[in-house]
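Asks: Predicted model, plus sequence, below.
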Amino acid sequence: MADDTRSDAALVALTPTDERAFGTLVRRYIRQSTLLATQLLGDADEAEDVVQEAFTIVYERIDKFDRGQPFPPWLYGIVRRLAGKRRERAARRSRLLSIWRVRDDDRATDAALVSRLHAEDRATIVYEAMTSLPPMQRACFDLVVLRDLPPAEAAAMHGITESTVRQHVFRAKRALRAVLVQDEVTDTPDGEAEG
């Protein structure tokens, strides 16, 4: 199928009478929506469910959309709201399970063992450095640097300005560089830490 060059506004206007127009909107924004939901939820399956629900809401409420506004921020706002509701539900469930003393000790033990086995691996060091970043720095770095999205798209996805995205990416790079430089300084050529 050839790329549809019609504007978002034209596709939104056609959606109530032309399902193919809506399909074009879905294809145009499903990747970014899924990336955003995955960042917010930390689980790809949950993210896919949220994105599917978001597009269903968009389709059902397209006639209420203010056509004078850009489409992506509206869609991403719906994704953020749905992901937030899922996180709240998961937190409530977790609190209830801890009250009832339902624990998954085996899974926790397995995760700790895997973590210990890979503790000296450079990829683990980078991962730990990434998880220590503030959430918005991590999200912007992931989208712009790792997933190669334009800063403007990352900005629309998170409801912030493009310059704020660039600032978060800059700070994330600086923090990660500091961790990697520190790791190189503390290791000798044979891989043992200096004492």
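Replies: Yes, it's here. Numbering: from 1, shown residues only.
Asks: Check Ile99 and give its pLDDT.
Replies: Per-residue confidence (pLDDT) for Ile99: 61.
Asks: Return the set of buried residues in the longest helix anywhere in the chain.
Replies: Of all the elements of type helix in the chain, the one with the most residues (DSSP state H) is helix 71-99. For helix 71-99, burial by neighbour count (16 or more other CB atoms under 10 Å) applies to Phe71, Pro72, Trp74, Leu75, Tyr76, Ile78, Val79, Arg80, Leu82, Ala83, Arg86. From N, CA and C alone the C-beta is placed, and that goes for glycine too.
Asks: which residues sit in contact with Glu162?
Replies: Pro151, Ala152, Ala155 (CB atoms under 8 Å, 6 or more residues apart in numbering).
Asks: show me the contacts for the last one.
Replies: Contacts for Ala155 were tallied using CB under 8 Å, 6+ apart; they are Thr161, Glu162, Thr164, Val165.
Asks: residues near the last one, how many?
Replies: By that I understand Val165. By other CB atoms under 10 Å, the residues close to Val165 number 26.
Asks: Kindly report the same for the first one.
Replies: Taking other CB under 10 Å as the neighbour definition, Thr161 ends up with a count of 12.
Asks: what's the pLDDT at the closest residue to it other than its chain neighbours?
Replies: Nearest residue to Thr161, sequence neighbours excluded (CB to CB, 6 or more residues apart in numbering): Ala155, at 5.8 Å. Reported pLDDT at Ala155 in the predicted model: 92.
Asks: Check the separation of the first and last residues in stretch 134-154.
Replies: 16 Å (CA to CA, to the nearest Å).
Asks: actually stretch 127-146, not the one I typed
Replies: 13 Å.
Asks: next one: stretch 36-50
Replies: 10 Å.
Asks: buried sites along it?
Replies: So for stretch 36-50, counting by 16+ other CB under 10 Å, buried means Leu36, Ala37, Thr38, Gln39, Leu40, Leu41, Glu46, Ala47, Glu48, Asp49, Val50.
Asks: Please, which helix or strand holds the fifth one?
Replies: Element membership of Leu40, judged by DSSP states H and E, is helix 19-41.
Asks: sorry, back to before: just the angle for the longest helix of the chain relative to helix 19-41, thanks.
Replies: With axes from the mean of the first three to the mean of the last three CA atoms, to 10 degrees as the basis, helix 71-99 and helix 19-41 are set at 40 degrees to each other.
Asks: can you list the domains in this structure?
Replies: 1-103, 114-195 (automatic domain parsing).
Asks: among those domains, which gets the worst mean confidence?
Replies: domain 114-195 (a mean of 76).
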